[in-house]
Every structure is written in C-alpha cells, then in structure tokens.
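Student: Here's my sequence, what's the structure:
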Amino acid sequence: MDASKREDSGREESEKERLDRNLEQLLGELRVALPGVQVLFAFLLVVPFNQRFADITSFQRTVYFVTLLCATAACACLIAPTAHHRIEFRAQDKERIVMGGNRLALAGLALLATAMTGAITLVTDFLYSSTTTAIAAGGVALLFFVLWAAIPVRRLLESD
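Tutor: Residues are numbered from 1 along each chain as shown. From the prediction side, this is the model:
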C-alpha cells in the first residue's frame, strides 16, 4: 500500500491534507447545526416577555431556565471551534484544532438535543397533562439519541 494512502480513510492524501479536509468538514457541519441552535436560543430569549409567561408553574419555569442554559452552552460549544481555528490557525497544530473542535461539536450537539427536548417539554407541559409531557419528552429524547448517537455508534462498531 502507498505510504500516502491513509488506512482509515482509503484516500491518497498526506496527513496535512487529511487534517485540512477534516477541518473543512467539521466547519461545514457546524454551519448546519448553528442556525437551529441560534433560532432556538432567540425563541427562548423572547419567551419571558410573553404576557402568559407569568402564569407558568414552578416546574415550567425550571424547565425553561435549564433549556435556556443548555441552548446557551450549545451555542458556545458549536461556535468555539471557529474561534479556536481563527486564534490558533498560525500555530500549525491543525490536529489539535480538529480534535478539540470535534469534542466541542459533539458536546454542542448533545446540549442542543437537550435544549430541544426541554423546549418540547415546556410547550407540552403548558398545553397538556404531565403524562402527555412525559411521553412527548421521552419520545423526543429517544429520537435524538437514536438518530444522533445510537445509529452512528452502531455503524462504527459494525465497521470494526
């Protein structure tokens, strides 16, 4: 096998080319996730200014606050790889930027899933009974877990 052909990707590329490609892919993926978390964050910021917000229960207030914090943390994690790259790009340590960015992106996606589940919990609890709320929240959390974690992890395990 050619020394320039990477075993893990099957591509003929140098380590530097692989890191460049990985960084571009990571930044492209973040461009997909960021609008969703930013819209959710904006929605959560205006909710307390709604007249009916004063009527929410203590549980709903707690869910709202935790959801707002998760959306904020998701924004921070999903934007951080871009900031890291911008600050560190001349350090010639793209591997650290890619690996750290990957961890931040995964954390950001987990926080985004938590925030979206929280938003569903808040709205459902406001509209329906606690049983419906539990079913909806559990279903949404399961959906995120299966689509965003279980399926890709299963594929990784099958490919080994």
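
Student: just for the chain, where's the confidence low?
Tutor: Along the chain, the parts satisfying pLDDT under 70 run over 1-10.

Student: rerun that using 90 as the cut-off
Tutor: Applying pLDDT under 90 to the chain flags the ranges 1-20, 23-24, 26-36, 43, 49-52, 54, 82-97, 159-160.

Student: center of it, which residue is that?
Tutor: Among the residues of the chain, residue 109 comes closest to the average C-alpha position under Cα atoms, centre = their mean, at 1.4 Å.

Student: Can you tell me the element it falls in?
Tutor: Residue 109 is part of helix 94-127, with elements assigned from DSSP states H and E.

Student: returning to that earlier point: please look at the residue nearest to the centre of the chain and residue 148 and confirm they touch.
Tutor: Yes. Shown here, residue 109 and residue 148 form a contact pair, counting by Cβ atoms under 8 Å, at 6.2 Å. In this view, the C-beta of every residue, glycine as well, is placed from N, C-alpha and C.

Student: any common contacting residues for these two?
Tutor: Here residue 109 and residue 148 have no joint contacts, going by Cβ atoms under 8 Å, 6 or more residues apart in numbering.

Student: Quickly note the distance from the nearest residue to residue 101 once chain neighbours are set aside to residue 55.
Tutor: Nearest non-adjacent residue to residue 101, counting by Cβ to Cβ, 6 or more residues apart in numbering: residue 81, 3.2 Å away. Using Cβ to Cβ, to the nearest Å, residue 81 is found at 40 Å from residue 55.

Student: out of these two, which sits in the more crowded spot?
Tutor: Taking neighbours as other Cβ atoms under 10 Å, residue 81 and residue 55 compare with residue 81 leading, 23 against 9.

Student: Shouldn't the more buried one be within a helix?
Tutor: Yes. Counting by DSSP: H, G, I helix; E, B strand; the rest coil, residue 81 is found in a helix.

Student: what sits against it?
Tutor: Applying Cβ under 8 Å, 6+ apart, the residues near residue 81 are 26, 27, 30, 97, 100, 101, 104, 105.

Student: Can you give me the neighbour number for residue 123?
Tutor: Residue 123 has 15 neighbouring residues, counting by other Cβ under 10 Å.

Student: That one and residue 70: what is the separation?
Tutor: Counting by Cβ to Cβ - residue 123 and residue 70 are separated by 15 Å.

Student: quick revisit: the helix holding residue 109: how far from the chain's middle?
Tutor: Mean-position distance between helix 94-127 and its chain equals 3 Å (Cα atoms, centre = their mean, to the nearest Å).

Student: Thanks a lot, see you next time.
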